[in-house]
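> Quick check, what structure comes out for this input:
(chains A and B)
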Amino acid sequence: MPAVFYEIADFFGNEAHYFSVQQYHEELSVEVKSRVEVLSKKVIQLELYIDTPWEDVHQMLMEFHEELVGVYHFKYDSQHVVVDDEIREYAAKSFTPNRPLLEACNELTRRIFTDFKFVSGYTTISTPLREIMKNRKGVCQDFAHLAIACVRSQGLAARYVSGYLETLPPPGKEKLVGTDASHAWFSVYLPGHGWHDFDPTNNMIPSEQHITLAWGRDYSDVTPMKGVIFSGGGHALSVSVDVKRIANDFAPKLSLD
Amino acid sequence: MLLSLLKNKIAEKPSPDGWYDETILSGELKPEWTALLENLNKLGPAELAHRNVELQKLLRENGVTYNVYEGHLTTPRTWNLDPIPWVLNNADWLSVEKGLKQRAELLNLILKDIYGPKVLLKKGLIPHELVFCHRGFLRQCDHVPFNTDYPLAVYAADIARGPDGRMWVINDRTQAPSGMGYALENRSAMIRVLPEMFKTQNVKKISDFFYTYYNSLCQLAPQNKENPRIALLTPGEKNETYFEHAFLADYLGINLVQGDDLIVRDSCLWIKTIHGLEQVDILLRRVDDIFCDPLEFRPDSRLGVPGLLEAVRKGNLVIANPLGSGILENPGLMPFLNNIAKYYFGEGLILPTVATWWCGQAKEYNYVMANLDNLLIKKIDRVTGSLTIVTSQLSKYDRERLREAIKATPYLYVGQEKVSFSAVPSLVNNELESRFAVLRGYTVAGQDGYSVMPGGLTRSSPEKGVFIVSNQAGGISKDTWILSEEKEANLLQAKNVTVPLRIRTKESLTSRMAENLFWAGRYSERLLASVRILRASLGHILENPNSESYLPVKERLLTALTEVTLSYPGFVGDAAKKRIIEPQNEIFKFAQDENMMGSMAFNLKSLVYSMQSVGGTLSNDTRRMVENLKENMANIKRLKPSGYLNLSNSVDKLYNSHVSLLGFITESMPREQGWLMLQAGRKIERSMLIASLIRSTLTFKDSDQVQHQILEAVLKSNQLISTYRYKYRTYLNLEYALQLLLFDENNPRSIAYQLQKLDIYLHNLNEGEQGDLIGKDEKAVLEANTKLRIADIEDLLKIEEGKHRRENLDKLLSEVTDHMIACSAAINQKYFSHTSEVKNLVITTSDLEP
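Alright, predicted model coming up:
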């Protein structure tokens, strides 16, 4: 166990752990086990019928409202999300006059899915959005960042969601270990109703298979792990994720212990 | 005469731009200036000019410098001080003082609110963009406890007087305000050089303010710890105000440290010293916050300490000013301060802020866009390089681009009124001229609020009629006089000024400093050895040109040059013979090529580097000698590779300047841990170099004639010929020469002498650490010494049947060398071990797909 280890909440309320290993070591392995309950997203699907036009939301966010203090962070450019004219134009096609916000976002999600090709390893985290726009290729965090830039270009608030995706084995086969993956998608703020998730990589509304880990303005706010080591040699890193379903009808227990 | 000169100037000056003249009130010379000008008159123009020269000389001698960035180079520039101060009367000052206190209180409250409850944001008193879009707002610091009512420990403001005679605040400095140390240096230089000017005036002391400053820092100690350890974090000697960092650390009696000197362990901050880790309670930082902790902020920063914020979060460390305080260096806040002051204090600002329009609001945005050409444009957060955009200096194209930038992100910009500053007389080419001036005032927090320095750092514009006042642009500084109603003890002040605030207890040398000194010692000896052996080789070649019969001697000497300095291939290896016969190119390469490992030039470069890394601990004279050494080297590098005479002369000069450098170090360096480290490095290196020289020259089976010549060259190069003659009064003989080089404890160039001294130095370094046990470093010396002592000279001289070398001698020297290598490794392990490299745990993108 590390000499120093404790839990902290970051600025956006995400749970994080700080640790420090102070002895000489040749290997560092971090294992995180969480038991997660995913609430059904059917309700959220229904909310797609909420027909608040996006311009109304924009207007609200332009004004000052005390209850929105925590939302304003997600309106502006951030390290990986820099809006330019090209993105603004691309987004404008979905944000047509008087269109309901959620409908516009749904369409934006579909367009990114159709217009951009998923190519594993094509980009790194430092590939800027204009490169993605030019080559029309990328991975999940690129698509999430792009969608966020589009939403913000219209004066709206969007945040980056980092999480896991449960993959399902082919019918009749055993599920393999280590096949699940870290994933990223985006979320849009609708006053009075909260945040709504969209997954442009899979063109879907995140549901039971999407497990939220943390959110922030973009990837840099929710890096899964960061740190420094004191060493003279090189180092290599490997990551694997497993999502295992415990029960379909898992429900929170109410107990007094 | 000067007075009349000034009066004339006043008379002819109609003040067309409507600026304020500091010396005049209602057409009359102000009383506070009359006295000053009378004193100047008494002194007379010639004497004043002379004193001015003395003043600049004193500052130069005290090493008062300000680094100026020119392209990629950083050049230390001597601090400029104008002998004419800015004089303010007590009544004027009282309102400034009151205003600064209020503003410090206000900014302190804003800081606490922004990183705490955010009431000001929720009430709309501060627009959220000014916080959330400002790069100085560090989300990592949100809700990190400050552990004090006054987290804003130091605050500085740039103040100028407008045309109506009122003082205005033009800038706030809340991260790591600079200039306090320069203000103190200015005052102490003025008192020293121009004591007459203080005679008839009661000028308020500023030295007391530094006691207050020190006490207020101590009060920040976590858990009210008594005698807390305070350290000043500097980015290093390349920083523009490094002089001040070193000066303040020395004056306040606190440690001067760089990021590499510190480490976070168990959520506490420690200094890495040669005697282990020592805890730091309070860190006074002169590094911008985002560079302070690579774990939390910029991962590429090497100026900070990983985990620093962690130590703060756990309440084990207080940083002044706290990380995140850069949010207050924010011109966007200026238009809102008056209302915030009313909210907190029920009254508006005492010191007004220069008129500022924040473009995040529609009305203000329209105003700025309509009046763009007449305003100063600033971004709300500081970007590297220019902070202020003077629109009238922009090209039409750039002005359009600026318009577009403001249009795209209006909330990142403010427009500010161009204020004129007041004019203060300055001595320019020995005449008084009016120059615009800005004053930086300083406040520090105590338990019951803020104290203001009665004075500050005044800077005036380098050119007539220009409002840009900055040190980077070559501004001139002035002393700032606040006149007191009561008589202050001026002479006492002059004495106090140089006395440190408290007697410093003996503190351990940092590992980084120790390592640099140790290597400075080692490179110093390497340089000496490379110069000596080069001189011996050149001497031989010059005395015996083209002589076939001397070739074996030449070969031995040149081979030794390569072997002793480890500058391979040199005169060893493939086709070495050819290079030995025609050695000119190789010799010049050895002298000039600083990229060739082991060359003379390489050793010199490494020595200079180590010396500069310990900069602050060296005396001014020593630093000047390092510069001298560099000049000599530059001369050698300019030589054309033809003929040896010029080279030989230049190498002699280099040798002399290096010996003087060592002399200055011996003269001025206190015999403390740093000295011991430097000397230990020298002794280890020298014993290895002597061993290596003997192995390369005197272990071979050579003819008597060759051996004699080599012996002569070896002794000569070590300046031992006269010692030898005096001692033995005989023909050169190997046995006696070896006695002298190996065993003679009175000969400072013998191995025995090095080992004997090394033993003492290591023992003193180790003192009190491990009781009676001796460490690996001392053991290595003991072993080497014992082997040397029990060696028998007859055995050493012997060459076995059929062998070509004195194998016993060679073996002994090889063992001595091994023990010295072990000793160096032990020192490294024991004293510098925590200087390992920091690396980012790189997270590649592959972990986050699809």
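
> When you work out contacts or count neighbours from here on, use the C-alpha atoms and nothing else.
Noted.

> give me the residue from the stretch 601-750 of chain B nearest chain A.
In the stretch 601-750 of chain B, the residue that lies nearest chain A is residue B:610 (21.3 Å; Cα to the nearest Cα).

> which SS state does that residue fall under?
helix (DSSP: H, G, I helix; E, B strand; the rest coil).

> Please verify my assumption that it contacts residue B:514.
No: using Cα atoms under 8 Å, residue B:610 is not in contact with residue B:514; the gap is 10.5 Å.

> Need the pLDDT of the residue of the stretch 601-750 of chain B closest to chain A.
For residue B:610, the model assigns a pLDDT of 89.

> average pLDDT for stretch B:243-250?
Rounded mean pLDDT across stretch B:243-250 is 88.

> Which residues does that stretch contact?
Under the criterion Cα atoms under 8 Å, 6 or more residues apart in numbering or on different chains, residues B:63-66, B:178-179, B:181-182, B:231-232, B:234, B:237, B:255-256, B:286, B:500, B:616 lie in contact with stretch B:243-250.

> again, only this time at 7 Å
With Cα atoms under 7 Å, 6 or more residues apart in numbering or on different chains as the test, stretch B:243-250 has contacts from B:64-66, B:181-182, B:232, B:234, B:255-256, B:616.

> Please compute how far that stretch lies from its chain's middle.
Centroid separation for stretch B:243-250 versus its chain: 9 Å, with Cα atoms, centre = their mean, to the nearest Å.

> Output that stretch in PDB, but only the C-alpha positions, please.
Written as PDB, here are the backbone C-alpha positions of stretch B:243-250 (Å, rounded to 0.1, in the frame of the first residue of the first chain):
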ATOM      1  CA  PHE B 243      19.300  39.300  -7.500                       C
ATOM      2  CA  GLU B 244      16.400  40.300  -5.400                       C
ATOM      3  CA  HIS B 245      15.500  36.700  -4.400                       C
ATOM      4  CA  ALA B 246      19.000  36.100  -3.200                       C
ATOM      5  CA  PHE B 247      19.100  39.500  -1.400                       C
ATOM      6  CA  LEU B 248      15.700  39.100   0.300                       C
ATOM      7  CA  ALA B 249      16.500  35.500   1.400                       C
ATOM      8  CA  ASP B 250      19.700  36.700   2.900                       C
END
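
> ok, and for it, which residues are buried?
B:243-250 (16 or more other Cα atoms under 10 Å in any protein chain shown).

> how about the residues of the stretch 1-150 of chain A near chain B?
Proximity of the stretch 1-150 of chain A to chain B is confined to A:4, A:11, A:66, A:69, A:73, A:120-121, A:124-125, A:139-140 under the rule Cα under 7 Å from any Cα of the partner chain.

> tell me which helix or strand of the chain sits lowest on mean pLDDT?
In the absence of a named chain, chain A is used. Across the helices and strands of chain A, mean pLDDT, DSSP states H and E gives its lowest value to helix A:42-47, namely a mean of 54.

> actually chain B
Taking mean pLDDT, DSSP H and E as the measure, chain B has helix B:490-496 as its least confident helix or strand, at a mean of 43.

> so residue B:459 sits in a strand?
Yes: assessed by three-state DSSP, residue B:459 belongs to a strand.

> For chain A, give me the ranges with low pLDDT.
For chain A, the stretches with pLDDT under 70 are A:40-49, A:176-179, A:232, A:247-257.

> What ranges does it have for its helices?
Using DSSP state H, the helices of chain A run over A:42-47, A:54-62, A:85-92, A:101-115, A:129-135, A:140-153.

> got the residue ranges for the strands in the stretch 101-250 of chain B?
Assigned by DSSP state E, counting those that start in this stretch, the stretch 101-250 of chain B shows strands spanning B:154-161, B:167-173, B:230-233.

> In JSON lines: those, plus distance to residue A:113, mean pLDDT and mean neighbour count.
Shown next, in JSON lines, are the strands of the stretch 101-250 of chain B (distance: least, Cα to Cα, whole Å; pLDDT from 0 to 100; neighbours: other Cα atoms under 10 Å in any protein chain shown):
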{"stretch": "strand B:154-161", "distance to residue A:113": "53", "mean pLDDT": "94", "mean neighbour count": "24"}
{"stretch": "strand B:167-173", "distance to residue A:113": "49", "mean pLDDT": "92", "mean neighbour count": "22"}
{"stretch": "strand B:230-233", "distance to residue A:113": "50", "mean pLDDT": "95", "mean neighbour count": "24"}
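
> what's the closest of those strands to chain A?
Nearest to chain A, of all the strands of the stretch 101-250 of chain B, is strand B:230-233, at 20.2 Å by Cα to the nearest Cα.

> Identify the residues contacting that closest one?
B:249, B:254-258, B:280-287.

> middle-most residue in the chain, spatially?
Since you didn't name a chain, this refers to chain A. Residue closest to the average C-alpha location in chain A (Cα atoms, centre = their mean): residue A:161, at 1.8 Å.

> Please refer instead to chain B.
Nearest to the geometric centre of chain B sits residue B:237, at 2.7 Å (Cα atoms, centre = their mean).

> Quick check: closest non-adjacent residue to the residue nearest to the centre of chain A.
Distances taken as Cα to Cα, 6 or more residues apart in numbering or on different chains place residue A:215 nearest to residue A:161, at 4.5 Å, with adjacent residues excluded.

> so who does the one you found touch?
A:159-162, A:222.

> got it, and residue A:180?
Residue A:180 is in contact with A:165-167, A:241-243, counting by Cα under 7 Å, 6+ apart.

> List just the one of the helices of chain A that sits closest to residue B:83.
With Cα to Cα, the closest approach to residue B:83 among the helices of chain A belongs to helix A:54-62: 54.7 Å.

> number of nearby residues for residue B:702?
Residue B:702: 16 surrounding residues under other Cα atoms under 10 Å in any protein chain shown.

> Now do it, the pLDDT please.
The score at residue B:702 is 88. That number is its pLDDT.

> Look at it and give its secondary structure.
Look at residue B:702: counting by three-state DSSP, its state is coil.

> Out of the contacts of residue A:215, who's the most crowded?
residue A:159 (29 neighbours).
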